[in-house]
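Participant: how would this look folded up:
(2 chains)
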2 protein chains.
Amino acid sequence: MNKPTLHTCLSPALLHLYDVKNTVVVVIDILRATSTIATALYNGAKEIIPVDSIERCIQLGTQIECITAGERDGQIAAGLQYGNSSFEYPESFIKGKVLVLTTTNGTKLLHMALAKGATEIITGAFLNLSAVCDHLIAMNKNVILGCAAWKDKPNIEDTLFAGAVVARIKEHFSMNCDASHIAEHLYNFAKGDMYEFMKTNDASHYHRLTNFGLEKDIRHCLTIDVANVLPEYVDGKLVVQK
Amino acid sequence: MNKPTLHTCLSPALLHLYDVKNTVVVVIDILRATSTIATALYNGAKEIIPVDSIERCIQLGTQIECITAGERDGQIAAGLQYGNSSFEYPESFIKGKVLVLTTTNGTKLLHMALAKGATEIITGAFLNLSAVCDHLIAMNKNVILGCAAWKDKPNIEDTLFAGAVVARIKEHFSMNCDASHIAEHLYNFAKGDMYEFMKTNDASHYHRLTNFGLEKDIRHCLTIDVANVLPEYVDGKLVVQK
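Facilitator: Sure, this is the predicted structure:
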């Protein structure tokens, strides 16, 4: 039997090159949307509604009972209540609640995958690496690892995560994809200390965030399996797949 | 004094994200357009006219005294005389002649850089790595390492070359570009035996070409400085910059 295919798409601006239909798309936005999503759902959030603009986020906040959250340039966006750090969403705060989250890169990719007819859209982060990998192996369908990137420019942290997934699941897939090999090599090189790797490589996100004193946040986002749920996008909402 | 910037663009489909104006763009198409260009010019070709279609290539062949060359799917394209291998262009054959070369990925990127107003467009390959690096350092202008990729998908060999350039010249530039770091790491990992790296990593180009028995060609295209000229694109033609 032929194995399903595995591709890594390094930027939303390249998604049109891949056959998204009949495919599981993993949306990857390590710093920090998909890390926050994993954390909030792991800590019991009822659901997360990702939206692509601050206006839409504020609007939903007036229509349904929810928490509105999102950042622009590393600060809580004007008109919203919370930011984009996992540490803002402990169980004591988020359990049972609806979170409306606006992010730029991650939400854009998610909506693109939806528009292109992906079979299933899930989100991935180091925090839920095993849940993502176990699921992809079990599904036995074609997979696209979709890096949200930074304003469409490939970034180190999303590529590292794609590489971590490739390293774990590649035996189960047919992989004719140079970007996947590049990602896997980067991960294998960096996995001993990803934080140090980000720092020494001047990863652009690293600098953007540490300017706002968020070193602790970055370290957390590079920690494996501490929020090991599987967020799936269903009917406009991210929920934990049981 | 501020250093000029250095960016790596992993695919023509991402070029719009970079500020091409007032920039030196290095067009990279290792397998095999820019390797062939370096070889033919090193061996004394008068000039190379890169064109984006077989039709245009055939048409020029009827208008000027020249050699027409190009491949599609690894075979000499119907209506053209020669292919895309460096070994077809020894000095005894190419010296003093005009070569009209049609390539898909490389020519497309070259024309895009031109349309976007690049200050200077040169082509890079391992065969002329030192000439490229020495020139970029001497110019002291912003640089974009433009990978031609494969049908817009990032590929290993062009990324490797970008990494080789980054490794050699980065001290002279300001580099806030994750793709450049990724490329440099890939190169540092692979540089001991790039051919073996391409082979073990199932590089898609490697497989496409070896299917046509071109192992020797690939090994040649990964050899450093054996055709160490600087091809510059001026008035529609690639010529050796003196």
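Participant: quick check: mean pLDDT across stretch A:35-42?
Facilitator: For stretch A:35-42, the mean per-residue pLDDT is 98.
Participant: I misspoke; the intended subject was stretch A:181-190.
Facilitator: 97.
Participant: contacts for it next, please.
Facilitator: With contact meaning CB atoms under 8 Å, 6 or more residues apart in numbering or on different chains, stretch A:181-190 is reached by A:8, A:10, A:145, A:156, A:159-164, A:166-167, A:170, A:175, A:197, B:154, B:156, B:159, B:182, B:185-186, B:189, B:201-203. For the C-beta atoms, the positions are set from N, CA and C on the backbone; glycine is no exception.
Participant: ok, now stretch A:13-27?
Facilitator: Residues outside stretch A:13-27 that contact it (CB under 8 Å, 6+ apart) are A:7, A:9, A:34, A:106, A:109-110, A:112-113, A:116-124, A:132, A:136, A:139, A:141-146, A:148-149, A:152, A:165, A:233, B:11, B:13-14, B:17, B:151-154.
Participant: drop anything exposed from the contacts of stretch A:181-190.
Facilitator: The neighbour count (16 or more other CB atoms under 10 Å in any protein chain shown) marks A:8, A:10, A:145, A:156, A:159-164, A:166-167, A:175, A:197, B:154, B:156, B:159, B:182, B:185-186, B:201-203 as buried among those.
Participant: ok so, going back, please flag which of the contacts of stretch A:181-190 sit within helices.
Facilitator: A:156, A:159-164, A:166-167, A:197, B:156, B:159, B:182, B:185-186, B:189 (DSSP state H).
Participant: after the lowest-mean-pLDDT helix or strand in chain A comes which helix or strand?
Facilitator: Lowest mean confidence among the helices and strands of chain A (mean pLDDT, DSSP states H and E): helix A:204-210, at a mean of 63. Counting by DSSP states H and E, the next helix or strand C-terminal to helix A:204-210 is helix A:215-221.
Participant: close to chain B, is that next one?
Facilitator: No - using CB under 8 Å from any CB of the partner chain, helix A:215-221 stays clear of chain B, with a minimum separation of 14.3 Å.
Participant: how about that helix: buried residues?
Facilitator: Neighbour-count burial for helix A:215-221 [16+ other CB under 10 Å]: A:217, A:218, A:220, A:221.
Participant: would you turn those residues into CSV with distance to residue A:23 and pLDDT?
Facilitator: Converted to CSV, the buried residues of helix A:215-221 look like this (distance: CB to CB, whole Å; pLDDT from 0 to 100):
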residue, distance to residue A:23, pLDDT
A:217, 31, 89
A:218, 30, 90
A:220, 30, 94
A:221, 26, 96
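Participant: just give me the neighbour total for residue A:239.
Facilitator: Neighbour count for residue A:239, taken as other CB atoms under 10 Å in any protein chain shown: 17.
Participant: bridged to it, which residues?
Facilitator: For residue A:239, the beta-bridge partners under DSSP bridges are residue A:232.
Participant: for chain B, see how far away it is.
Facilitator: 32 Å (CB to the nearest CB, to the nearest Å).
Participant: list the contacts of that residue.
Facilitator: Counting by CB under 8 Å, 6+ apart, residue A:239 makes contact with A:41, A:46, A:47, A:48, A:231, A:232.
Participant: can you select the buried ones among those for me in ChimeraX?
Facilitator: Buried subset of those, written as a ChimeraX selection, criterion 16+ other CB under 10 Å:
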select /A:41,46,47,48,231,232
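Participant: turn the contacts of residue A:239 into JSON lines, columns for distance to residue A:81.
Facilitator: Shown next, in JSON lines, are these (distance: CB to CB, whole Å):
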{"residue": "A:41", "distance to residue A:81": "18"}
{"residue": "A:46", "distance to residue A:81": "17"}
{"residue": "A:47", "distance to residue A:81": "17"}
{"residue": "A:48", "distance to residue A:81": "14"}
{"residue": "A:231", "distance to residue A:81": "21"}
{"residue": "A:232", "distance to residue A:81": "25"}
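Participant: among the contacts of residue A:239, which two are most distant?
Facilitator: A:46 and A:232 (14.1 Å; CB to CB).
Participant: give me the pLDDT for residue A:213.
Facilitator: At residue A:213, the model reports a pLDDT of 62.
Participant: and what of residue A:25?
Facilitator: 98.
Participant: could you give the angle of the helix or strand it falls within to helix A:156-169?
Facilitator: Per DSSP H and E, residue A:25 falls inside strand A:23-28. Strand A:23-28 and helix A:156-169 are oriented at 140 degrees to each other (axes from the mean of the first three to the mean of the last three CA atoms, to 10 degrees).
Participant: give the next helix or strand downstream of strand A:23-28.
Facilitator: Downstream of strand A:23-28 (by DSSP H and E), the next one is helix A:33-42.
Participant: which other helices and strands does that next one contact?
Facilitator: For helix A:33-42, the packing partners by 3 or more CB pairs under 8 Å, 6 or more residues apart in numbering or on different chains; DSSP states H and E come out as strand A:47-51, strand A:98-102, helix A:105-115, strand A:120-124, strand A:231-234, strand A:237-240.
Participant: mean pLDDT lowest for which of these?
Facilitator: helix A:105-115 (a mean of 92).
Participant: pull the residues that contact that one.
Facilitator: Residues from elsewhere that reach helix A:105-115, judged by CB under 8 Å, 6+ apart: A:12, A:15, A:20, A:25, A:27, A:29, A:33-34, A:50-52, A:101, A:121, A:123, A:144, A:146-151, A:233.
Participant: could you check how far that helix is from the centre of its chain?
Facilitator: Here helix A:105-115 is found 11 Å from its chain centre; the criterion is CA atoms, centre = their mean, to the nearest Å.
Participant: cool, stretch A:14-24 as well?
Facilitator: 17 Å.
Participant: pull out the buried residues from stretch A:117-129.
Facilitator: A:118, A:120, A:121, A:122, A:123, A:124, A:125, A:126, A:127, A:128, A:129.
Participant: endpoint to endpoint, it covers what distance?
Facilitator: Its start and end residues considered, stretch A:117-129 measures 24 Å (CA to CA, to the nearest Å).
Participant: can I have the buried ones of the contacts of stretch A:13-27 as a PyMOL selection?
Facilitator: Filtering the contacts of stretch A:13-27 down to the buried ones (16+ other CB under 10 Å) takes a single PyMOL command:
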select buried, (chain A and resi 7+9+34+106+109+110+112+113+116+118+120+121+122+123+124+132+136+142+143+144+145+146+148+149+152+165+233) or (chain B and resi 11+13+14+17+152+153+154)
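Participant: and residue A:118, how close does it get to residue B:61?
Facilitator: 46 Å (CB to CB, to the nearest Å).
Participant: contact residues of chain A facing chain B?
Facilitator: A:10-11, A:13-14, A:17, A:150-156, A:159, A:175-179, A:181-182, A:185-186, A:189, A:201-205, A:207.
Participant: rerun that using 7 Å as the cut-off
Facilitator: A:10-11, A:13-14, A:17, A:152-156, A:159, A:176, A:178-179, A:181-182, A:185-186, A:189, A:201-204 (CB under 7 Å from any CB of the partner chain).
Participant: which residue sits closest to residue A:173, ignoring its sequence neighbours?
Facilitator: residue A:6 (3.6 Å; CB to CB, 6 or more residues apart in numbering or on different chains).
Participant: what about the residue lying closest to residue A:49 once chain neighbours are set aside, neighbour count?
Facilitator: Spatial nearest neighbour of residue A:49, excluding adjacent residues (CB to CB, 6+ apart): residue A:100 at 4.7 Å. Residue A:100 has 25 neighbouring residues, counting by other CB under 10 Å.
Participant: if anything else comes up later, I'll come back, but that's it for now.
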